[in-house]
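Novice: Please find the sequence and the predicted model below.
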Amino acid sequence: MAAVGAVLPAAAATPAAARAAVDTIPVGDNPLGVTVSPLGHRVYVADAGDDSVSVIDRSSNAVIATIPVGDSPAGVAVGGLGTLLYVTNQGSDSVSVISTITNAVIATIHVGGTPRGVAVGGLGTRLYVVNAGSDTVSVINTITNSVVTTIPAADGPGAPAASPTENRLYVVHGGSNTLSVINTDTYAVIRTVPVGASPGGLAVSPDGKSVYVTSQSDDTVTAIAT
């Protein structure tokens, strides 16, 4: 069974100089999702207001490319050992597949309503897209760029995270203040765990043994033993 507990903020004070911003990088309008390439050379930002993705070179902290995508992009995730970028488009109910080598869209995949969160799993062969507007999760085969199944989700699905060590996908639900645990072999919800109010952020430990969920309304983090 999952063990659940709240972890309260208790970080030691950090010198102000260590917290200072090193740069401010202008990007497109209304930037939302952000991710870093596996080798750390590139940063990708979804600009919801401009229907584009900004590509930032980390060595210069400069935008080196702007890629047009679908309507109101939100979530971004890197796959294909860094050669592919996946972008959810909230307004066009789709996912843009981008080659990070050419910085061009190579495929568009239609999913459920208002896709937001996205996660890569299955050793890179599966993409999980949370559709906030239809309370579902689309499972995509990244080799064929096609939807293989759609999983019903609880009310208000938000951030997804795939376990790095197990056949598990975790999804938070703001409408029910819960975390769903999905078996990625059977695509079935195998457990529902209560969390704090208005869950938002979600992270899985590198060993896959712990999941952490932030709750905006009660200022807590729920720690779950998988």
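Specialist: Structure received.

Novice: Only C-alpha atoms from now on, for both contacts and neighbour counts.
Specialist: Will do.

Novice: Look up phi and psi at residue 82.
Specialist: Torsion angles at residue 82 (phi, psi; degrees, to the nearest 10) stand at phi 100, psi 0.

Novice: Quick check: it touching residue 99?
Specialist: No: between residue 82 and residue 99 there is no contact under Cα atoms under 8 Å: 9.1 Å.

Novice: how about the nearest residue to residue 185, chain neighbours excluded?
Specialist: residue 167 (6.5 Å; Cα to Cα, 6 or more residues apart in numbering).

Novice: For residue 121, see how far away that neighbour is.
Specialist: Distance, residue 167 to residue 121, by Cα to Cα, to the nearest Å: 9 Å.

Novice: cool, residue 39 as well?
Specialist: 18 Å.

Novice: out of those two, which sits in the busier spot?
Specialist: Taking neighbours as other Cα atoms under 10 Å, residue 39 and residue 121 compare with residue 121 leading, 22 against 8.

Novice: Can you give me every residue that contacts that one?
Specialist: Contacts were defined as Cα atoms under 8 Å, 6 or more residues apart in numbering; by that measure residue 121 touches 127-128, 162-164.

Novice: Show only the entries of those found in strands.
Specialist: Residues from those lying in strands, with DSSP state E as the criterion: 127-128, 162.

Novice: of these, closest to residue 150?
Specialist: residue 128 (9.6 Å; Cα to Cα).

Novice: Any idea how many residues pack against that closest one?
Specialist: Using other Cα under 10 Å, residue 128 has 24 other residues around it.

Novice: and it, what is it in contact with?
Specialist: So residue 128 contacts 118-121, 137-140, 160 (Cα under 8 Å, 6+ apart).

Novice: From residue 52, how far off is it?
Specialist: For residue 128, the distance to residue 52 equals 21 Å [Cα to Cα].

Novice: Just the C-alphas of the host helix or strand of residue 169, formatted as PDB.
Specialist: Residue 169 is part of strand 168-173, with elements assigned from DSSP states H and E. Extracted C-alpha coordinates of strand 168-173, given in PDB (Å, rounded to 0.1, in the frame of the first residue of the first chain):
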ATOM      1  CA  ARG A 168       3.600   3.200 -13.800                       C
ATOM      2  CA  LEU A 169       2.200   6.600 -14.800                       C
ATOM      3  CA  TYR A 170       1.100   9.100 -12.200                       C
ATOM      4  CA  VAL A 171      -1.500  11.800 -12.800                       C
ATOM      5  CA  VAL A 172      -2.800  14.500 -10.400                       C
ATOM      6  CA  HIS A 173      -6.400  15.600 -10.400                       C
END
